[in-house]
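*Asks:* This is the structure alone, sequence omitted:
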């Protein structure tokens, strides 16, 4: 029996005891014309190979049994308590409350389970009718009516949108979300005494999914969230551009709409799909990553209360690591391990940050003597960096870091949408800030007795730095003109092409993405996070209009600026690669000569 405000644990065994009843209904459905339908048979027929059902079919059947096992368990937990309430509530309302709340629990779990299984980027949206699901019948009749409707939807879509097992998961997400929303809509029509019965009661299902009243949450099953040391923006010295864009990207990715499964910032072009951080060891790439995750965690916590109020659960985030652990001695397994990680980021239930440290060590240049598994990694990552086979909806970003971009495959490097050079501390106050941050506690207690010095205030000196100013190069040559035209930009690109034959159309793509970032050269207003209703309660198109109002005007000289930035980076990579190859060759010659001399000395010593 349920007591108001109590905590109720529902185990897997509690659900399993109802499976035979669920199976009975799935085996014998009727539309009222005397003909019996078998949901099991219909599900098993939706496969690529009729003789060997797709694995997603078995997963779908297991999810349905579990979901409606919860329906029966919730109904039995609430039934006695509801019936014992005062007689002012008629029996019809009690019966409808039992049916709708139990179905709310079941459909919430089912939607969650199907959403967890989806690896495709496109969900299927069903054509809806109002009041499609009845809840006023008996316990068995309510379930029977839902299963008949589910059968009808599947049967109508079979051979069209529904061709194979994995399509069942896409249909399942929207069907059971529809059922959940109609169950939830009944809440406002019930006597407050009925709603209060469950409002503060916590139902914990198999220690993985929790329902409190009409709110939901779930826990990750096996893998814990990757732990990281929190880093705040003021603790990052130098790297002004990379730092600013990292913070802005995390604010923007947090605008992802859990309900609509899209992000208005994508319509504005203000969020890069993939980012490469390039710089020598010790310049702060890992620190930047920790700062970005710290900011993302903060924004997700701020947005979660809003999404919980909409019965969508928390806005959760997950870091996915691509590192040496994906490599396997068996042919084809390495590529599959990598795809398994990447496919997680195709889900639409939260935000995913993919991180790859030391990318140059994970996969080398295609011209290097590398094995088949390394080539698999290179091929998969090149497609992923380009966003191929992925619909970009604004909930994923890939961060890659390298200590030596010249050791990377050139084509892979060029496929990153955004690239930032991480040079670490540069100005005197950068170095002073790092030292102060390391010794701050001792400075504050005067154990370290060192004055700040004339004009120095910790963490304050970097404020107001302009990340776009340039004083020389092509930009200065064209800046004096009244306005830079498309023709002049085209002529500039031709000049760059003549100097570097590897300057291709891909450069135009990279620069256009950089220009979109310049258009979106603004910070998301803080009240979007402190008061999410002000933004998310607007229609989607109105949100785009709000963001459009923040955009900055871009001139031709700014476009030239970005072309020069791109060209210089490619020239630097080519120069660094040449110098690196020369140094390596000189070192080999030097070692060879020393070895010959050493060999001669040893030979003379033995005479």
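*Replies:* Perfect, I can see it now. What you see is a predicted model, and the numbers here were worked out from it, not measured in a lab.
*Asks:* Isn't residue 63 up against residue 111?
*Replies:* No - between residue 63 and residue 111 there is no contact under CB atoms under 8 Å: 9.9 Å. Just so you know, the C-beta spots here come from the backbone N, C-alpha and C atoms, and that holds for glycine as well.
*Asks:* shared neighbours of these two, which are they?
*Replies:* Residues touching both residue 63 and residue 111 (CB atoms under 8 Å, 6 or more residues apart in numbering): residue 172.
*Asks:* Follow the chain on from the worst-scoring helix or strand of the chain on mean pLDDT and name the next helix or strand.
*Replies:* None of the helices or strands of the chain scores lower by mean pLDDT, DSSP states H and E than helix 474-479, at a mean of 48. Using DSSP states H and E, the helix or strand that follows helix 474-479 in sequence is helix 486-499.
*Asks:* quick one: average pLDDT of that next one?
*Replies:* Helix 486-499 comes out with an average pLDDT of 82.
*Asks:* And stretch 312-326, by the same measure?
*Replies:* 87.
*Asks:* and for it, what are the contacting residues?
*Replies:* 112, 215-218, 220, 225-226, 228, 254, 256, 258-259, 293, 296-297, 300, 303-304, 307-308, 334, 337-338, 341-342, 344-345, 349-357, 361-362, 377.
*Asks:* What subset of those is buried?
*Replies:* Buried by 16 or more other CB atoms under 10 Å: 112, 215-218, 228, 254, 256, 258, 293, 296, 300, 303-304, 307-308, 334, 337-338, 341-342, 345, 349-357, 362, 377, out of those.
*Asks:* Identify those among the residues you listed that sit within helices.
*Replies:* 112, 293, 296, 300, 303-304, 307-308, 334, 337-338, 341-342, 362, 377 (DSSP state H).
*Asks:* Could you find the closest non-adjacent residue to the spatially most central residue of the chain?
*Replies:* Centroid-nearest residue in the chain, with CA atoms, centre = their mean: residue 352, separated by 2.1 Å. Nearest non-adjacent residue to residue 352, counting by CB to CB, 6 or more residues apart in numbering: residue 345, 4.2 Å away.
*Asks:* Tell me who's in contact with the one you found.
*Replies:* Counted by CB under 8 Å, 6+ apart, residue 345 has contacts 320, 352, 354, 396.
*Asks:* what's the answer for residue 246, then?
*Replies:* If you count contacts by CB under 8 Å, 6+ apart, then residue 246 has 288, 291, 292, 295 around it.
*Asks:* ok so it is a helix residue?
*Replies:* Yes - the assignment for residue 246 is a helix, going by DSSP: H, G, I helix; E, B strand; the rest coil.
*Asks:* so how far is residue 24 from it?
*Replies:* 56 Å (CB to CB, to the nearest Å).
*Asks:* again with residue 101
*Replies:* 23 Å.
*Asks:* Please apply the same query to residue 411.
*Replies:* Taking CB to CB, one finds residue 411 at 58 Å from residue 24.
*Asks:* on that earlier part again, which among the contacts of residue 246 gets closest to residue 282?
*Replies:* Distance to residue 282, by CB to CB, is smallest for residue 288 among the contacts of residue 246, at 12.6 Å.
*Asks:* Relative to residue 360, how far out is that closest one?
*Replies:* For residue 288, the distance to residue 360 - CB to CB - is 17 Å.
*Asks:* between these two, who's got more neighbours?
*Replies:* Shown here are residue 288 and residue 360; by other CB atoms under 10 Å, residue 288 has more neighbours (25 against 20).
*Asks:* In contact with that one, which residues?
*Replies:* Contacts of residue 288 (CB under 8 Å, 6+ apart): 236, 239, 242, 243, 246, 277, 422.
*Asks:* what two of those residues have the greatest distance between them?
*Replies:* Every pair of the contacts of residue 288 checked by CB to CB; the farthest is 236 and 277, at 12.3 Å.
*Asks:* Tell me where this protein has strands.
*Replies:* 7-10, 29-30, 36-37, 202-205, 209-212, 215-218, 274-278, 317-321, 351-356, 396-402, 418-421 (DSSP state E).
*Asks:* which helices and strands does the second one pack with?
*Replies:* Spelled out, that is strand 29-30. strand 36-37, helix 139-157 (3 or more CB pairs under 8 Å, 6 or more residues apart in numbering; DSSP states H and E).
*Asks:* Next, format those as CSV and append mean neighbour count and distance to residue 404.
*Replies:* Converted to CSV, those look like this (neighbours: other CB atoms under 10 Å; distance: least, CB to CB, whole Å):
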stretch, mean neighbour count, distance to residue 404
strand 36-37, 14, 63
helix 139-157, 18, 51
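*Asks:* for the ones you listed, which one sits closest to residue 591?
*Replies:* That would be helix 139-157 among the helices and strands packed on strand 29-30, by CB to CB, at 68.2 Å.
*Asks:* quick one: contacts of that closest one?
*Replies:* Residues contacting helix 139-157 (CB under 8 Å, 6+ apart): 21-22, 25-26, 29-31, 37, 39, 42-43, 46, 68, 71-72, 75, 98-99, 102-103, 126, 132-135, 137, 162, 167-168, 171, 175, 179.
*Asks:* ok, 6 Å please
*Replies:* 25, 29, 37, 39, 42, 75, 99, 134, 135, 175 (CB atoms under 6 Å, 6 or more residues apart in numbering).
*Asks:* Where does pLDDT dip in the stretch 251-400 of the chain?
*Replies:* 329-331, 364-372, 387-389 (pLDDT under 70).
*Asks:* which stretches of the stretch 401-550 of the chain form helices?
*Replies:* 410-415, 428-444, 474-479, 486-499, 505-519, 527-530, 533-536, 540-548 (DSSP state H, counting those that start in this stretch).
*Asks:* The longest one - contacts with which helices or strands?
*Replies:* This points to helix 428-444. Applying 3 or more CB pairs under 6 Å, 6 or more residues apart in numbering; DSSP states H and E, we find helix 428-444 packed against no helix or strand.
*Asks:* Of all the residues in that helix, which ones are buried?
*Replies:* Neighbour-count burial for helix 428-444 [16+ other CB under 10 Å]: 429, 430, 432, 433, 434, 436, 437, 443.
*Asks:* Pick the one among these closest to residue 490.
*Replies:* residue 430 (38.8 Å).
*Asks:* Would you mind measuring from that closest one to residue 203?
*Replies:* 53 Å.
*Asks:* And residue 553, by the same measure?
*Replies:* Using CB to CB, one obtains 54 Å as the distance from residue 553 to residue 203.
*Asks:* Show me which of those two is the more surrounded one.
*Replies:* Legend: neighbour count by other CB under 10 Å for residue 553 and residue 203, higher for residue 203 (22 against 8).
*Asks:* Next, the contact list for the residue nearest to the centre of the chain, please.
*Replies:* Neighbours of residue 352 in contact, by CB under 6 Å, 6+ apart: 318, 320, 345, 396.
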